[in-house]
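[1] Quick check, what structure comes out for this input:
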Amino acid sequence: MPRKPKKIYVEPLIARPIKPPTKTRLQWYWRVEVHREGETTTVWSGRSDREPLSQYMAKLAMSGAWAAPPEGEDGEEVVTIQHLLRAWFYDVEQRKDLARSSVSAYRAHRRRLEARLADVLIDTIDLRTLERYRDEQLGAGCATSTVSQDLRVLQIAWGWGFRRGATSTERLQLPSILVTPKRTRHMPDRQDAWAVIQKADGYIRTALHVQWAYGCRVSECTSIQPRDLDLERGRFRLISRIDTNRTGKTGERWVPLVPAVRELLVPLAEGLESDAWILGVKPITARQRVISDLPKLCFAAEVERFTSHGLRHAMINAMLDRGIDVKTIAAWSGNTPATIWKTYARAGGANLEAAAMAVRAGERPRPEDRKVLNFPHGSPAQLPEDLD
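    Reported below is the predicted structural model:
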């Protein structure tokens, strides 16, 4: 067995020899890694001689972007989808404008793509290859929205490579896919939501109670600090602190401190520093636990499964059903009026039943129906005399 070469260090990159040469492949298999914030990320892996690999690492370290990969055995460049995705993701990690959750989502898409397309050469990828990826992922039980987003991320990485000379075309031809939601869209009523909250305990129960009270985002009800409670003015600040560099989608907003939430949070905040976490854990931990525990709590409470965002939808729709002005609802929930109507407003069964009763759907006309109606566009019109 050939002697194992030493590691290659090009700050901040480290190349480790992983597999020895074989009878047909005369080079060592290397893995280039970068260590940041306690995590190790693989930037590139493949077979190469030491000198070409050192040069590649130097280019990558200086640019922080795409550089041509090392040459293969026969002197020709061998570039795969794995090379492209890992180089692109390395660049993504350097961006300061992306939230940590966005980077994590990109990482998950990259891993799924690499699992099936890692060895596909950039020059040979085509529509048939991507159709096979689509069919295999759907056959494995992935949601259509997940597969669709995987392919969109591949398109993003492909365009990134084109701008750096790694791909010959700017866009890939993606296969068609009919996106059908797999996640439950159920909105709980007041009884079901309360039953689930009663099944929870500890900080999970507190977070769900606050979310149900305000219809806020899960990132907001898990980021509460004592300084968010303004007891003098009777108000409560909602703000997302999942990522310390960002403050959520719409920044902070102040809402009335309702009695139920006051009784819940004030005792927990006593004796804490102003910037401590009232729930006792970091926001990202609390958020993950709320999301992962909700299905179990719904099962325990024997109610139809719903998500944490379902609580938000339920509160916003409850306000709409009670005739609260949409601008007020938008300010309360941290959205625009257009978003409220487009995304959150939903006609429930009770609304549909009330509408059917109001117009007496399908019933024979009555004598009292013979009256002048005011139509929206102005001119009143007399109903025909022969309605009976």
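[2] Do I have it right that Thr144 meets Ser176?
    No - Thr144 lies out of contact with Ser176 (C-beta atoms under 8 Å); the separation is 11.0 Å. In this view, the C-beta of every residue, glycine as well, is placed from N, C-alpha and C.
[3] Show me which of these two is the more surrounded one.
    Legend: neighbour count by other C-beta atoms under 10 Å for Thr144 and Ser176, higher for Thr144 (16 against 7).
[4] could you measure that one against Thr180, distance?
    Separation of Thr144 from Thr180 (C-beta to C-beta, to the nearest Å) stands at 5 Å.
[5] ok, now Leu98?
    According to C-beta to C-beta, Leu98 stands 28 Å off from Thr180.
[6] now do Asp228
    Distance from Asp228 to Thr180, counting by C-beta to C-beta: 39 Å.
[7] Which parts of the stretch 101-250 of the chain are strands?
    Ranges of strands within the stretch 101-250 of the chain are 229-230, 235-238, based on DSSP state E, counting those that start in this stretch.
[8] Name the spans of the stretch 151-300 of the chain whose pLDDT lies under the cut-off.
    The model of the stretch 151-300 of the chain has pLDDT under 70 over residues 181-184, 243-250.
[9] Name the nearest residue to His209, sequence neighbours excluded.
    Of all residues not flanking His209 in the chain, Ile197 sits nearest, at 5.5 Å (C-beta to C-beta, 6 or more residues apart in numbering).
[10] pretty sure Pro20 contacts Pro2?
    Yes - using C-beta under 8 Å, Pro20 makes contact with Pro2 at a distance of 5.7 Å.
[11] Can you pick out the residue with more neighbours from the two?
    Applying other C-beta under 10 Å to Pro20 and Pro2 shows that Pro20 carries more neighbours, namely 14 against 9.
[12] contacting residues around the residue nearest to His209?
    Contacts for Ile197 (C-beta atoms under 8 Å, 6 or more residues apart in numbering) come out as 205, 208-209, 212.
[13] would you turn these into CSV with neighbour count and distance to Thr328?
    CSV is the format used below for those (neighbours: other C-beta atoms under 10 Å; distance: C-beta to C-beta, whole Å):
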residue, neighbour count, distance to Thr328
Arg205, 17, 28
Leu208, 26, 24
His209, 20, 22
Trp212, 23, 19
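[14] tell me which element Asp97 is part of?
    Assigned by DSSP states H and E, Asp97 belongs to no helix or strand.
[15] mind checking the backbone torsions on it?
    Backbone torsions of Asp97, given as degrees, to the nearest 10, read phi -90, psi 0.
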